[in-house]
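Chemist: Fold the following and give me the result.
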Amino acid sequence: MKKLSIFILTLLVFTLNSNAQRKLQQLDEEEAKKQEQLKAYEGTKKGFDPSKLTYGGNVGGGFSGNYGYFLAQPMVGYMVKPKTMLGTGFTYIYESQKFNNKTFTSTAYGPLLFARQGLFGNIFAHVEYAPMNYQVYKTPTISERQWFNQLYVGGGMGGRGAQIYLLYNVLHDQNPYANSPWYFRIGFMF
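Modeler: Numbers count the residues shown, from 1 in each chain. The predicted structure is shown next:
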């Protein structure tokens with residue numbers, strides 16, 4: 001009888017152990033399925049993600065005896081893919097120039113749209129459309145405002161923090177107020 005009791009007890013332990021292992025295996029499989037479903041949901045989840053926003057812009061200026069220049073260009077970008085950013089901003093320029101003991105001031109402003117593609121390391125390609133509204137003097141006392149299109153193509157170097165750009169305005173011939181088609185700037189994005 002003692003041997004039968006030990007046999008039944010051993011059989012019972014193995015049966016319970018086997019059932020417990022099956023239950024654990026089922027739970028593991030169910031958890032794996034849940035994780036796969038969660039990953040599939042995350043992959044298809046669409047919508048605005050504030051963590052993909054970047055802020056920054058450019059500030060510049062220059063002064064000489066007869067001329068003063070100030071530029072402010074706030075920008076905001078959104079990382080649509082890990083290396084691709086789309087963004088917008090605004091440009092404001094103030095100029096002051098002395099000519100024949102008279103001071104002439106003017107402002108220029110306009111929106112901008114840009115796309116940036118990371119290439120390798122901290123090197124990126126950059127395209128920017130920036131129409132500008134200039135104050136155009138017809139005579140020394142009469143001025144009017146006119147829009148001029150600017151389309152910059154080029155690239156730069158930098159990541160979060162400081163950035164350096166070298167851009168070329170392919171619409172330079174349409175803007176009589178741009179001295180050169182080349183545009184070098186230093187900015188920042190955080």
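
Chemist: Going by C-alpha atoms from here, please, whenever you check contacts or count neighbours.
Modeler: OK.

Chemist: Name the residues that touch stretch 136-150?
Modeler: Taking Cα atoms under 8 Å, 6 or more residues apart in numbering as the criterion, the residues outside stretch 136-150 that touch it are 129-135, 169-172, 174-175.

Chemist: try stretch 81-101
Modeler: Stretch 81-101 is contacted by residues 57, 66-80, 103-119, 132 when judged by Cα under 8 Å, 6+ apart.

Chemist: quick revisit: quick one: which of the contacts of stretch 136-150 is nearest to Lys33?
Modeler: Using Cα to Cα, Tyr129 is the member of these that sits closest to Lys33, with 47.0 Å.

Chemist: before we move on, the earlier item: farthest-apart pair in the contacts of stretch 136-150, please.
Modeler: The most widely separated members of these are Gln135 and Val170, with 21.9 Å between them, by Cα to Cα.

Chemist: For the two, indicate the residue with more neighbours.
Modeler: Neighbour count, other Cα atoms under 10 Å: between Gln135 and Val170, Gln135 has more, with 17 against 14.

Chemist: The more buried one contacts Thr107, correct?
Modeler: Yes: contact status for Gln135 versus Thr107: in contact at 6.1 Å, counting by Cα atoms under 8 Å.

Chemist: hey, what's Ile186 bridged with?
Modeler: Each beta-bridge partner of Ile186 is listed here: Ile164, as defined by DSSP bridges.
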